[in-house]
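K.L.:
following is a predicted model, sequence given first.
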Amino acid sequence: MEEKKINTAAPEDVTGTMADVDEIMKKYDRESNTRPWEGVPAMVIKVLLAAFSLFMVYMNLFTVWDERIRRPLFLGIIVIFVFVLFPARKNSTKPMKVNYIPVYDILLAAAGAGSFFYFVINNKTIINHATHISNLEIALGVIGILILAECCRRVTGIPILVVAGCFVLYAFASNLANGKAFYKVLRSVTYNLFYTTTGVIGTPVGVCSTYIVLFIIFGAFLEATGIADFFISCANCLAGAASGGPAKVAVISSALCGMVSGSSVGNTVTTGSVTIPMMKKTGYPGEFAGAVEAAASTGGQIMPPIMGAAAFLMAEMVGVPYSDIVVRAILPAVLYFTGIFLMVHLRAKRLGLKGIPKEELPQVKKILPKIYLLIPLVALIYLIVSGYTMSRAAIYATLLCIVVSMFDKEHRMSPANFLTALETGARNTLSIAVACGIAGIIAGVVTMTGLGQVFISAIVSISHGHLMIALLLTMVCCIILGMGVPTTATYIIMATTCAPILTTGMGLNTLCASMFVFYFGIVADITPPVALAAYAGSAIAKSDPMRTALNASKLAIAAFLIPYMFCLNPAMLLIDTNAAEFVVIIITSVVGMYAIAAGLEGYMLTSLNPVMRVVLIAAGLMLIYPGTVTDVAGTAITAAVFAVELGLRKRARTA
C-alpha cells in the first residue's frame, strides 16, 4: 500500500508560488539578488564554489597555518566570489545580461582580493614592520577595507556600513582631537583595522573560517539527504490531526528543521511552502499563517545543536566550549517554541478550526524506516560533547551525511548532488563572512579607542545602576541595529559594545549577557520594518508583509520575555542551580507562557473579556519574574481565571 500524501493544494490566488517568494526576496533581501549565469560559465562558477568548500575542509583538517595567513586568504577568496555573483545594483528596471560581469567589477575584485593576498604573501615582513607600515601597505589596507565595505553593501545592505562608518569616524576624530597628524592617524587606524587580528581579520572572521563555514557545509549536505521532508512528516504524525493541526505542524517542523539550517529565511521558505498552504486551507488568515511560519522559523537560530552562526562566535567570545552553549540554550529554545505553540492552539480553539483528516496524514510505519536520517545529527552532538573540535565534528558528520544518503534512492548523493551541496555551502558562507569582516572593524575600533568604557559609563549613568533599565536600553539597541543587519553581525556589534555594559557595569553573568544580545539580534528578522522572515512568509501566504510581521512579533512574544527571564534568574541557563530549582523554573515558565498566550489571544476555554486578558498577562509576567511570592501569586491568579473559565464553559454547554 502506498503512503498517502498530504493534500496541500490551494488555489493560485490563495497562496503564492516560489516565483512570488523570489520576487519579494529580491526586493527586500540582497542575498537573493544575484547575477544570472547559464551554461558553461554557470558550471565553472559552481565548480569553483565547490572547490572553495573543499579547500576550507582541507585548510581546517590538514594545515596549521598562522591565523594571519588563514584569515586574509579566506576573505580574499570571498571578495572574488561576491563580485562574481552579486551586481552593483538591485531591482534594476532593466533585466541583467546573462553571463556578463562589467569590467569595473573585475577590477574591484582584483584590487580587493589583491590587498588581502598581498598580506598573505608578505605576512612576515608586515608583522616585522609593526605599526611602521609602508605607504604601499597603507594604500592596500585602505583599498581592502573599502572594497570589503562595497562587498557588504552588495550582500547585506547599507545599515551595517552606517554603523561601521560611524565607529571609524570616531576612531579618526578621537585621535585627531589629541593633536596627532592625519597621516599618523591614518597609518595607525589602517594598521589596527587591516593588519592585526583585532580588526577585519579578527575573531569573527577567524570563527567563520574555522567553524561556521564547516557547519554551513554540513547543513547543506544534511538538507540534501531529504531530512526536511522527514521532519515535516514527523510533525504531521505528531500534531497534524489536532485542532488547527497545520499550524502546529509548522511550529514543530520549523523547530526540527531549524536545528539543521539555523537560517530564519531559508527555514521559512523550506517548511513554509508546505505548511502555509495547509494552514490557509484549514481556515487560518493569511497574515497569521505567514506569521506562524516566520516566527517558528526564526526560532531555528536559537534551537540547538547548530543554532545560528552567532552561537559559534558566542562560544569563542565568552570563552566556553560550544557544547556548553548548546546545553544551556535548550530550555530557553523549548520555551520559545512552547509559547508559539500555545498561541497557535488557542487561536485554533477560538476560531473552531479542525485538523488534517487522518487519512491524508503520513503513516508512522512509513516514516520510522527513515529514522536513520538522524544519524549525522546525533553523531554531531555526540562528537561535540565527547570533546572533538567543532571543525572535526562538522567534517565527520558531513561524511556521515554522504553515507546515509546512499540508503535513499531519491536523495542518493550522486556526483551532481555532491557538487550542488558543496556549492550551496560556499554560497551560504558569503554573506556571513563579509558581515563578520565589517563587524570586526567595529570591534577593532572599540578595542583601539577604549570606546567600550565610554558606553559602560553612559548606560550606567542613564540607568542609575538599575539592571532592568540597562536591559531595556540594550534590547532597543539590538532591535534597531538588527534591522537589515545579519544576525551574526548584530551579535558581534552588541557583544562588543553592549554586553560589556551588562557584565562590567551591571555585574550580570557573561553568558547571560551574551545570550541576551543574541536573542534580540535574532528577533530583528520578524520585527518591522525590516523583517525578512516575515516577508518570505507573506510571499507564500499572499498576505500583507507588514501585517504578517506584526503578527509574527506577537507570536514570538516569548523571544521578548525569555532573555529577561534568564538575566533575572540565571538558573534557566543552568547557572548556579540544582535539579529541584530547575524543575520549578520549567513549571512556572510554561504556566506563565500559557497565561500570557491566553491573554494575548483573548481565549482560554472561552473567549476572554478585556479585564480577564489584562489579568492573565499580569499573572504570566509574575510567573516569569523569579521569586517565590510572584510565583505563588501568578499561579493563584491563573488558577482562579481557569476555574472561572471552566464554569463558563460548563454553563455554555448546558445552555
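P.N.:
Cool, got the structure. Numbers count the residues shown, from 1 in each chain.
K.L.:
name the nearest residue to residue 534, sequence neighbours excluded.
P.N.:
Distances taken as Cβ to Cβ, 6 or more residues apart in numbering put residue 549 closest to residue 534, at 3.8 Å, once the chain neighbours are dropped. Yep, even glycine has a C-beta here, placed from its N, CA and C like the rest.
K.L.:
hmm, residue 523 and the one you found touching each other?
P.N.:
No: with contact defined as Cβ atoms under 8 Å, residue 549 does not reach residue 523; the gap is 10.9 Å.
K.L.:
quick one, helices of the stretch 351-500 of the chain?
P.N.:
Taking DSSP state H, counting those that start in this stretch as the criterion, the stretch 351-500 of the chain carries its helices at 364-367, 375-385, 390-405, 415-449, 451-463, 467-482, 487-497, 499-500.
K.L.:
list the residues that contact residue 384.
P.N.:
Remark: with contacts taken as Cβ atoms under 8 Å, 6 or more residues apart in numbering, residue 384 is in contact with 305, 322, 323, 326, 390, 393.
K.L.:
return the distance of the second one relative to residue 312.
P.N.:
To residue 312, residue 322 is 6 Å away according to Cβ to Cβ, to the nearest Å.
K.L.:
what's around the closest residue to residue 522 other than its chain neighbours, how many residues?
P.N.:
The shortest distance from residue 522 to any residue other than its chain neighbours is 4.9 Å, reached at residue 301 (Cβ to Cβ, 6+ apart). For residue 301, the neighbour count with other Cβ atoms under 10 Å is 29.
K.L.:
for residue 419, same thing?
P.N.:
Number of residues near residue 419 (other Cβ under 10 Å) recorded here: 17.
K.L.:
could you find the closest non-adjacent residue to it?
P.N.:
With sequence-adjacent residues excluded and distances taken as Cβ to Cβ, 6+ apart, residue 419 is closest to residue 50, at 5.1 Å.
K.L.:
which residues sit against stretch 164-179?
P.N.:
Outside stretch 164-179, the residues within contact range by Cβ under 8 Å, 6+ apart are 149, 182, 185-186, 188-189, 193, 438-439, 441-442, 445-446, 448-449, 451.
K.L.:
now do 6 Å
P.N.:
Around stretch 164-179, the neighbours that count as contacts under Cβ atoms under 6 Å, 6 or more residues apart in numbering are 185, 189, 438, 441, 442, 445, 449.
K.L.:
and the helices in the stretch 201-350 of the chain?
P.N.:
If you assign secondary structure with DSSP H, counting those that start in this stretch, the helices in the stretch 201-350 of the chain sit at 203-207, 213-224, 227-239, 245-261, 264-282, 286-298, 310-318, 322-328, 330-351.
K.L.:
ok so, going back, farthest pair in the contacts of residue 384?
P.N.:
Taking Cβ to Cβ as the measure, these span a maximum distance of 11.4 Å, between 326 and 393.
K.L.:
so for those two, which sits in the more crowded spot?
P.N.:
Each of residue 326 and residue 393 had its neighbours counted (other Cβ under 10 Å), and the higher figure belongs to residue 393 (26 against 20).
K.L.:
list the residues that contact that one.
P.N.:
Taking Cβ under 6 Å, 6+ apart as the definition of contact, the neighbours of residue 393 are 380, 383, 384.
K.L.:
distance of it from residue 315?
P.N.:
Distance check for residue 393 against residue 315: by Cβ to Cβ, it reads 13 Å.
K.L.:
do the same with residue 437
P.N.:
20 Å.
K.L.:
more crowded one of these two?
P.N.:
Ranked by neighbour count (other Cβ under 10 Å), residue 437 and residue 315 place residue 437 first, with 30 against 20.
K.L.:
which SSE is immediately downstream of the helix or strand harbouring residue 539?
P.N.:
When elements are defined using DSSP states H and E, residue 539 is found to belong to helix 532-541. If you walk from helix 532-541 toward the C-terminus, the next helix or strand you reach (DSSP H and E) is helix 545-555.
K.L.:
in that next one, what counts as buried?
P.N.:
Using 16 or more other Cβ atoms under 10 Å as the burial criterion, the residues of helix 545-555 that qualify are 545, 547, 548, 549, 550, 551, 552, 553, 554, 555.
K.L.:
centre of the chain versus that helix, how much separation?
P.N.:
Average the C-alpha atoms of helix 545-555, do the same for its chain, and the two points are 18 Å apart (Cα atoms, centre = their mean, to the nearest Å).
K.L.:
so after that helix, what's the next helix or strand?
P.N.:
Scanning forward in sequence from helix 545-555 by DSSP H and E, the next helix or strand is helix 557-568.
K.L.:
which outside residues touch that next one?
P.N.:
Contacts made with helix 557-568 from outside it, assessed by Cβ under 6 Å, 6+ apart, are listed as 332, 335-336, 339, 471, 512, 516, 519, 523, 572-573, 624, 626.
K.L.:
who wins for most neighbours among those residues?
P.N.:
For these, the largest number of neighbours (other Cβ under 10 Å) sits with residue 339, at 29 neighbours.
K.L.:
from residue 570, how far off is it?
P.N.:
Between residue 339 and residue 570 the computed distance is 20 Å (Cβ to Cβ).
K.L.:
next one: residue 105
P.N.:
Between residue 105 and residue 570 the distance is 50 Å, computed by Cβ to Cβ.
K.L.:
same question for residue 57.
P.N.:
The gap separating residue 57 from residue 570 is 38 Å, by Cβ to Cβ.
K.L.:
contacting residues for residue 337?
P.N.:
Contact partners of residue 337, counting by Cβ under 6 Å, 6+ apart, are 251, 255, 299.
K.L.:
burial check on the first one, number of neighbours?
P.N.:
Spelled out, that is residue 251. Summarising burial for residue 251: neighbours were counted as other Cβ under 10 Å, giving 29.
K.L.:
this structure - how does it break down into domains?
P.N.:
As recorded under automatic domain parsing, the domains making up the chain are 22-201, 578-655.
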